[in-house]
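Enquirer: The sequence isn't on hand, but the structure is:
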């Protein structure tokens, strides 16, 4: 393909490989194309490097005529252009309103979650404080019970003697 394009052949065999099928509109067409070649100094890659350099030198002979594609809508009347601009502005405003509404909903949900987390943390702190208070009372009652049992045991011991 590159040889045919460089020699300006009448027929360009683009269907020869899948790569040239993909690049058909780029090679020798109306676009500017850059070819990058990788070469290796290793002796084991010498044949591949020579083949690459040969292909690149042939590609340099390809003459393309890049041009700016014109859009058919450039032939609009001023009224049509103003109408399209207004439609685009209205569409952008609607998108902005929708995005703002979605953002507001997300922020409200985030705020609800934050308040719920704070409430749960506060409830957790209250519950922990309550549990700690209960544990202190239980420990005090256990100490009092042990003291009563010790006192009873001493009294029993005194009666036995």
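Expert: Received it, and whenever you're ready, just let me know what you need. None of the values given here were measured: they were computed from a predicted structure.
Enquirer: Can you list the buried residues in stretch 123-141?
Expert: Neighbour counts over stretch 123-141 (16 or more other CB atoms under 10 Å) mark no residue as buried. The C-beta positions use only the backbone N, C-alpha and C, and glycine is treated the same way.
Enquirer: what residue ranges in this structure are flagged as low confidence?
Expert: Applying pLDDT under 70 to the chain picks out residues 1-30, 63-74, 159-161.
Enquirer: Would you mind pulling the contact partners of stretch 139-151?
Expert: Applying CB atoms under 8 Å, 6 or more residues apart in numbering, stretch 139-151 turns out to have no external contacts.
Enquirer: Buried residues, it. List them.
Expert: Residues of stretch 139-151 classed as buried by neighbour count (16+ other CB under 10 Å): none.
Enquirer: Next up, identify which helix or strand residue 55 is on.
Expert: Element membership for residue 55 (DSSP states H and E) is helix 46-59.
Enquirer: tell me what that helix is packed against?
Expert: helix 2-6 (3 or more CB pairs under 8 Å, 6 or more residues apart in numbering; DSSP states H and E).
Enquirer: pull the longest helix from this protein.
Expert: Assignment by DSSP state H gives helix 78-160 as the longest helix of the chain.
Enquirer: tell me how far that helix is from the chain's mean position?
Expert: 31 Å (CA atoms, centre = their mean, to the nearest Å).
Enquirer: Make 34 the first number, not 1, from now on.
Expert: With 34 as the first residue, the last one maps to helix 111-193.
Enquirer: For the helix holding residue 88, which residues meet the burial criterion?
Expert: For helix 79-92, the neighbour count (16+ other CB under 10 Å) marks 82, 85, 91, 92 as buried.
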